[in-house]
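S.K.: dropping a prediction and its sequence here:
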Amino acid sequence: AADKINIMPQDFFAELCEQIIQHLNHKIPGVNTVELCERLQTSGIEISIGDLAKITNVVSLLFSTAARNNLSTEDLVTALGSAVSTLPKHAVQVIRHVWNEQGKSVSVSEDVGNMATVGQFVDMKWKLGVAMSSDTCRSLKYPYVTVTLKVADPSGQITNKSFEMTIPQFKNFFRQFKEMAAVLETV
(Lines give C-alpha, C1' and ligand atoms only; values in the text may rest on other atoms or scores of the structure.)
Protein backbone atom coordinates (compact mmCIF):
# COMPACT_ATOMS: atom_id res chain seq x y z
CA ALA A 1 0.00 0.00 0.00
CA ALA A 2 2.91 2.36 0.72
CA ASP A 3 3.99 2.43 -2.93
CA LYS A 4 0.46 3.41 -4.00
CA ILE A 5 0.24 6.06 -1.26
CA ASN A 6 3.48 7.43 -2.68
CA ILE A 7 1.83 8.25 -6.03
CA MET A 8 -1.22 9.92 -4.42
CA PRO A 9 -1.09 13.71 -4.19
CA GLN A 10 -1.13 14.98 -0.62
CA ASP A 11 -4.55 16.65 -0.96
CA PHE A 12 -6.19 13.42 -2.19
CA PHE A 13 -4.58 11.41 0.62
CA ALA A 14 -5.74 14.03 3.14
CA GLU A 15 -9.30 13.83 1.76
CA LEU A 16 -9.20 10.03 2.02
CA CYS A 17 -7.99 10.23 5.65
CA GLU A 18 -10.71 12.75 6.52
CA GLN A 19 -13.41 10.53 4.96
CA ILE A 20 -12.08 7.57 6.95
CA ILE A 21 -12.28 9.57 10.19
CA GLN A 22 -15.84 10.66 9.30
CA HIS A 23 -16.76 7.03 8.61
CA LEU A 24 -15.26 5.88 11.92
CA ASN A 25 -17.34 8.59 13.63
CA HIS A 26 -20.48 7.34 11.83
CA LYS A 27 -20.96 10.70 10.11
CA ILE A 28 -20.88 9.13 6.65
CA PRO A 29 -21.80 5.54 5.73
CA GLY A 30 -18.50 4.82 4.02
CA VAL A 31 -15.61 6.01 1.91
CA ASN A 32 -16.55 6.45 -1.72
CA THR A 33 -13.44 4.86 -3.20
CA VAL A 34 -15.03 4.60 -6.66
CA GLU A 35 -15.59 8.36 -6.89
CA LEU A 36 -12.17 9.16 -5.41
CA CYS A 37 -10.47 6.68 -7.77
CA GLU A 38 -12.20 8.25 -10.79
CA ARG A 39 -11.01 11.70 -9.70
CA LEU A 40 -7.45 10.41 -9.22
CA GLN A 41 -7.47 8.77 -12.66
CA THR A 42 -8.90 11.93 -14.24
CA SER A 43 -5.99 13.89 -12.78
CA GLY A 44 -3.54 11.42 -14.37
CA ILE A 45 -2.77 9.19 -11.37
CA GLU A 46 -2.70 5.49 -12.28
CA ILE A 47 -4.40 3.66 -9.41
CA SER A 48 -7.02 0.92 -9.35
CA ILE A 49 -10.12 0.78 -7.18
CA GLY A 50 -8.66 -2.35 -5.55
CA ASP A 51 -5.44 -0.52 -4.62
CA LEU A 52 -7.39 2.43 -3.25
CA ALA A 53 -9.58 0.02 -1.24
CA LYS A 54 -6.41 -1.56 0.26
CA ILE A 55 -5.08 1.88 1.23
CA THR A 56 -8.47 2.73 2.76
CA ASN A 57 -8.50 -0.49 4.78
CA VAL A 58 -4.92 0.03 6.03
CA VAL A 59 -5.52 3.64 7.08
CA SER A 60 -8.90 2.75 8.62
CA LEU A 61 -7.23 -0.02 10.64
CA LEU A 62 -4.49 2.41 11.67
CA PHE A 63 -6.96 5.05 12.90
CA SER A 64 -9.34 2.58 14.60
CA THR A 65 -6.44 0.83 16.38
CA ALA A 66 -5.05 4.20 17.47
CA ALA A 67 -8.50 5.18 18.80
CA ARG A 68 -8.95 1.85 20.60
CA ASN A 69 -5.56 2.36 22.29
CA ASN A 70 -6.13 6.08 22.97
CA LEU A 71 -2.91 7.04 21.22
CA SER A 72 -1.73 10.62 21.12
CA THR A 73 -0.50 12.05 17.83
CA GLU A 74 3.15 11.48 18.77
CA ASP A 75 2.39 7.95 20.02
CA LEU A 76 0.70 7.18 16.69
CA VAL A 77 3.63 8.46 14.64
CA THR A 78 6.04 6.56 16.90
CA ALA A 79 3.91 3.41 16.64
CA LEU A 80 4.18 3.60 12.87
CA GLY A 81 7.85 2.86 13.57
CA SER A 82 9.38 1.08 10.62
CA ALA A 83 6.44 2.03 8.41
CA VAL A 84 7.48 5.68 8.66
CA SER A 85 10.57 4.87 6.61
CA THR A 86 8.47 3.17 3.90
CA LEU A 87 5.59 5.64 3.97
CA PRO A 88 6.15 8.84 2.01
CA LYS A 89 6.90 11.85 4.16
CA HIS A 90 3.74 13.65 2.95
CA ALA A 91 1.59 10.68 4.05
CA VAL A 92 3.08 10.70 7.56
CA GLN A 93 2.50 14.47 7.73
CA VAL A 94 -1.14 14.03 6.66
CA ILE A 95 -1.73 11.18 9.16
CA ARG A 96 -0.14 13.29 11.90
CA HIS A 97 -2.23 16.36 11.00
CA VAL A 98 -5.57 14.53 10.61
CA TRP A 99 -5.06 12.54 13.82
CA ASN A 100 -3.98 15.68 15.70
CA GLU A 101 -7.07 17.59 14.49
CA GLN A 102 -9.71 14.85 14.63
CA GLY A 103 -8.26 11.83 16.42
CA LYS A 104 -9.86 12.63 19.74
CA SER A 105 -13.31 12.51 18.16
CA VAL A 106 -12.90 8.91 16.98
CA SER A 107 -14.70 6.52 19.26
CA VAL A 108 -14.40 2.86 18.44
CA SER A 109 -17.14 0.90 20.12
CA GLU A 110 -16.23 -2.52 21.47
CA ASP A 111 -19.58 -3.72 20.09
CA VAL A 112 -18.46 -3.01 16.53
CA GLY A 113 -16.56 -6.30 16.42
CA ASN A 114 -19.66 -8.17 17.55
CA MET A 115 -21.95 -6.65 14.92
CA ALA A 116 -23.05 -8.71 11.95
CA THR A 117 -21.06 -8.04 8.82
CA VAL A 118 -23.88 -6.40 6.90
CA GLY A 119 -23.65 -3.51 4.48
CA GLN A 120 -25.42 -0.20 4.96
CA PHE A 121 -27.82 1.28 2.42
CA VAL A 122 -26.62 4.65 1.08
CA ASP A 123 -28.79 5.51 -1.92
CA MET A 124 -31.02 4.04 -4.63
CA LYS A 125 -31.63 5.10 -8.22
CA TRP A 126 -34.06 3.56 -10.66
CA LYS A 127 -35.18 3.98 -14.23
CA LEU A 128 -37.89 2.53 -16.41
CA GLY A 129 -36.84 1.29 -19.81
CA VAL A 130 -38.38 -0.40 -22.79
CA ALA A 131 -36.45 -2.91 -24.90
CA MET A 132 -37.59 -2.08 -28.44
CA SER A 133 -35.86 -4.84 -30.40
CA SER A 134 -32.98 -7.29 -30.38
CA ASP A 135 -31.01 -9.27 -32.93
CA THR A 136 -33.48 -12.16 -32.56
CA CYS A 137 -36.74 -10.24 -32.29
CA ARG A 138 -37.72 -7.17 -34.30
CA SER A 139 -40.51 -5.90 -32.06
CA LEU A 140 -40.04 -6.54 -28.36
CA LYS A 141 -41.64 -3.50 -26.70
CA TYR A 142 -40.67 -5.12 -23.39
CA PRO A 143 -40.71 -2.82 -20.31
CA TYR A 144 -38.24 -3.30 -17.46
CA VAL A 145 -37.04 -1.49 -14.34
CA THR A 146 -33.34 -0.99 -13.64
CA VAL A 147 -32.39 -0.42 -9.99
CA THR A 148 -28.96 0.70 -8.76
CA LEU A 149 -28.29 0.41 -5.03
CA LYS A 150 -25.38 2.26 -3.45
CA VAL A 151 -24.21 0.21 -0.45
CA ALA A 152 -21.40 0.71 2.07
CA ASP A 153 -19.91 -2.64 3.07
CA PRO A 154 -18.83 -3.22 6.70
CA SER A 155 -15.33 -1.86 6.00
CA GLY A 156 -16.83 1.36 4.63
CA GLN A 157 -16.23 0.78 0.92
CA ILE A 158 -19.11 2.14 -1.12
CA THR A 159 -20.15 0.05 -4.11
CA ASN A 160 -22.98 0.14 -6.62
CA LYS A 161 -25.12 -2.94 -7.25
CA SER A 162 -27.40 -2.85 -10.28
CA PHE A 163 -30.11 -5.23 -11.39
CA GLU A 164 -33.05 -5.33 -13.79
CA MET A 165 -36.57 -6.54 -13.09
CA THR A 166 -39.51 -7.38 -15.28
CA ILE A 167 -42.74 -5.57 -14.46
CA PRO A 168 -44.14 -8.61 -12.56
CA GLN A 169 -40.87 -8.86 -10.58
CA PHE A 170 -41.04 -5.13 -9.81
CA LYS A 171 -44.65 -5.43 -8.62
CA ASN A 172 -43.56 -8.24 -6.25
CA PHE A 173 -40.60 -6.11 -5.09
CA PHE A 174 -42.96 -3.18 -4.45
CA ARG A 175 -45.46 -5.41 -2.60
CA GLN A 176 -42.68 -6.63 -0.28
CA PHE A 177 -41.62 -3.04 0.43
CA LYS A 178 -45.23 -2.17 1.30
CA GLU A 179 -45.30 -5.15 3.69
CA MET A 180 -42.06 -3.95 5.33
CA ALA A 181 -43.51 -0.45 5.69
CA ALA A 182 -46.67 -1.85 7.28
CA VAL A 183 -44.60 -3.86 9.78
CA LEU A 184 -42.46 -0.81 10.59
CA GLU A 185 -45.63 1.19 11.32
CA THR A 186 -46.43 -1.27 14.14
CA VAL A 187 -43.03 -0.87 15.80
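M.R.: Nice, thanks for sending it over.

S.K.: residues in contact with the residue nearest to the spatial centre of the chain?
M.R.: For the chain, the residue nearest the mean C-alpha position is Q157 (2.5 Å; C-alpha atoms, centre = their mean). Each residue near Q157 by C-beta atoms under 8 Å, 6 or more residues apart in numbering is listed here: G30, V31, T33, A53, T56. (C-beta placed from N, C-alpha, C; glycine too.)

S.K.: ok, the second one - contacts?
M.R.: Going back to what we said before, that points to V31. L16, Q19, I20, H23, T56, S60, G156, Q157, I158.

S.K.: mind listing which of those residues are in strands?
M.R.: I158 (DSSP state E).

S.K.: point out the least confident member of the contacts of V31, please.
M.R.: Across the set of those, G156 stands lowest in pLDDT, at 71.

S.K.: return the set of buried residues in stretch 80-96.
M.R.: L80, A83, L87, P88, H90, A91, V92, V94, I95, R96 (16 or more other C-beta atoms under 10 Å).

S.K.: actually stretch 20-29, not the one I typed
M.R.: Those buried within stretch 20-29 under the rule 16+ other C-beta under 10 Å are I20, I21, Q22, H23, L24, I28, P29.

S.K.: the second one against K104, yeah?
M.R.: No - counting by C-beta atoms under 8 Å, I21 does not reach K104; the two are 10.6 Å apart.

S.K.: for stretch 143-150, the averaged confidence score.
M.R.: Average pLDDT, stretch 143-150: 91.

S.K.: helices and strands of the protein: which one bottoms out on pLDDT?
M.R.: Counting by mean pLDDT, DSSP states H and E, the chain has its least confident helix or strand at helix 82-86, which shows a mean of 60.

S.K.: report all helices and strands that the following helix or strand past it contacts.
M.R.: The C-terminal neighbour of helix 82-86 among helices and strands, as given by DSSP states H and E, is helix 89-102. On a contact count with 3 or more C-beta pairs under 8 Å, 6 or more residues apart in numbering; DSSP states H and E, helix 89-102 meets helix 2-7, helix 10-24, helix 49-68, helix 73-80.

S.K.: try it again with 6 Å
M.R.: With contacts defined as 3 or more C-beta pairs under 6 Å, 6 or more residues apart in numbering; DSSP states H and E, helix 89-102 has these neighbours: helix 10-24, helix 73-80.

S.K.: how about the nearest residue to T56, chain neighbours excluded?
M.R.: Excluding its sequence neighbours, the residue lying closest to T56 (C-beta to C-beta, 6 or more residues apart in numbering) is V31, at 5.2 Å.

S.K.: tell me the secondary structure for the residue located most distally from the centre of the chain?
M.R.: Largest separation from the mean C-alpha position in the chain: R138, at 42.1 Å (C-alpha atoms, centre = their mean). Following DSSP: H, G, I helix; E, B strand; the rest coil, R138 is assigned to coil.

S.K.: for it, what are phi and psi?
M.R.: With angles defined as degrees, to the nearest 10, R138 sits at phi -70, psi -30.
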